[in-house]
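Trainee: structure for this input, please:
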Amino acid sequence: LAAAGFAALEARTGQPFTDLVEGHESDHITYPDTQAAPQPVFTSPEWSGSEKGGRRYSPFTLNVERSKPWHTLTGRQHFFVEHDWVAELGEQLPAFRPPLNMARHFGRPGEVVDGGVTVRFLTPHAKWSIHSMYHDNELMLALSRGGPVIWMSVEDAAKIGVRDNEWIEAHNRNGVVVARAVVSHRMPEGTVFQYHSPERTVNVPKAERGGRRGGYHNSMTRLLVKPTHLAGGHAQLTYAFNYYGPIGSQRDEITVIRRRSQEVEY
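Mentor: Sure, this is the predicted structure:
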């Protein structure tokens with residue numbers, strides 16, 4: 001498929017690409033291979049980097065080195081967007097938009113309310129996994145806490161009497177998460193995070209709030225769509241059933257964390 005894709009790209013652009021995958025047309029990776037170790041793959045037209053000859057991925061390599069047009073209206077890099085909706089909202093050029101003041105509506109970080117501490121709940125990408133892949137293998141589970149965790153500051157943990165590795169529950173208007181607490185000096189007061197896409201099938205007990213299995217990070221967040229994300233039919237502004245950046249407001253939530261019973265039920 002990569003070879004066929006590059007052949008089609010050559011026909012469209014007049015630039016050479018098929019040499020990037022020559023000799024690899026019959027390569028394949030089995031599921032046991034991925035269980036043994038992460039597997040490198042060859043270059044694909046789906047992405048803009050090149051892995052030819054064991055090269056590490058770097059974005060826009062094909063655009064710069066092979067003169068592949070950017071997927072924009074002009075085929076070049078540009079930061080001015082000539083679209084009526086974007087113009088109406090004053091975002092034709094890059095503009096700073098302060099984050100939504102979630103605390104004004106849903107609680108101020110650091111406050112203790114009904115036995116729980118109010119915090120900002122963030123979901124950064126995990127360092128050692130790709131979404132849920134590799135997160136739940138035996139090695140990773142042995143190196144971590146064997147299931148979902150939420151990192152929180154020493155100060156916030158002290159406010160609700162939580163010690164490292166104890167079970168906690170986080171909840172807001174969207175949902176609930178049950179996890180172990182990682183109490184760390186590296187976390188600032190008023191902010192917690194749960195790494196992106198933990199595997200929800202491993203060691204997730206029932207929540208005391210509601211009695212259902214305490215979900216994972218998406219249980220706490222919701223997508224906030226900008227009107228510009230619905231623009232389509234304009235080169236790179238082509239709407240699809242997903243969202244594109246840069247925007248992270250759906251990952252900036254206010255939540256309440258409380259210590260729960262350490263006797264859990266699955």
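
Trainee: elements contacting whichever strand or helix holds residue 150?
Mentor: Per DSSP states H and E: residue 150 is located in strand 149-153. Here strand 149-153 is seen to pack against strand 167-171, strand 176-184, strand 191-193 when contacts are counted using 3 or more Cβ pairs under 8 Å, 6 or more residues apart in numbering; DSSP states H and E. Glycine gets a C-beta too; all of them are placed from N, C-alpha and C.

Trainee: between those strands, which one is nearest to residue 26?
Mentor: Of all the helices and strands packed on strand 149-153, strand 191-193 sits nearest to residue 26, with 42.8 Å by Cβ to Cβ.

Trainee: what is the mean pLDDT for the closest one?
Mentor: Mean pLDDT, strand 191-193: 92.

Trainee: show me what it is packed against.
Mentor: Under the contact definition 3+ Cβ pairs under 8 Å, 6+ apart, strand 191-193 sits against strand 116-122, strand 149-153.

Trainee: gap between the longest one and the chain center?
Mentor: Which is strand 116-122. 19 Å (Cα atoms, centre = their mean, to the nearest Å).

Trainee: equivalent analysis for the last one, please.
Mentor: Relative to the mean C-alpha coordinate of its chain, strand 149-153 is positioned 17 Å out (Cα atoms, centre = their mean).

Trainee: before we move on, back to that, and residue 217, which of the helices and strands packed on strand 149-153 is closest to it?
Mentor: strand 176-184 (6.9 Å).

Trainee: for residue 101, find the nearest of the helices and strands packed on strand 191-193.
Mentor: Residue 101 sits nearest to strand 116-122 of all these, at 11.5 Å, using Cβ to Cβ.

Trainee: span of stretch 189-201 from start to end?
Mentor: Start to finish, the residues bounding stretch 189-201 are 30 Å apart (Cα to Cα, to the nearest Å).

Trainee: also stretch 182-202?
Mentor: Stretch 182-202: ends 17 Å apart by Cα to Cα.

Trainee: buried sites along it?
Mentor: Across stretch 182-202, burial judged by 16 or more other Cβ atoms under 10 Å covers 182-183, 187, 189-200.

Trainee: pick out the most distant pair among those residues.
Mentor: 189 and 199 (29.4 Å).

Trainee: looking at the chain, which helix or strand does the model trust least?
Mentor: Averaged element by element with mean pLDDT, DSSP states H and E, the chain has its least confident helix or strand at helix 102-106 (a mean of 73).

Trainee: list the contacts of the longest helix that the chain contains.
Mentor: Counting by DSSP state H, the longest helix found in the chain is helix 2-13. With Cβ atoms under 8 Å, 6 or more residues apart in numbering as the contact definition, helix 2-13 has outside contacts at 15-18, 20-22, 24-25, 42-46, 67-69.
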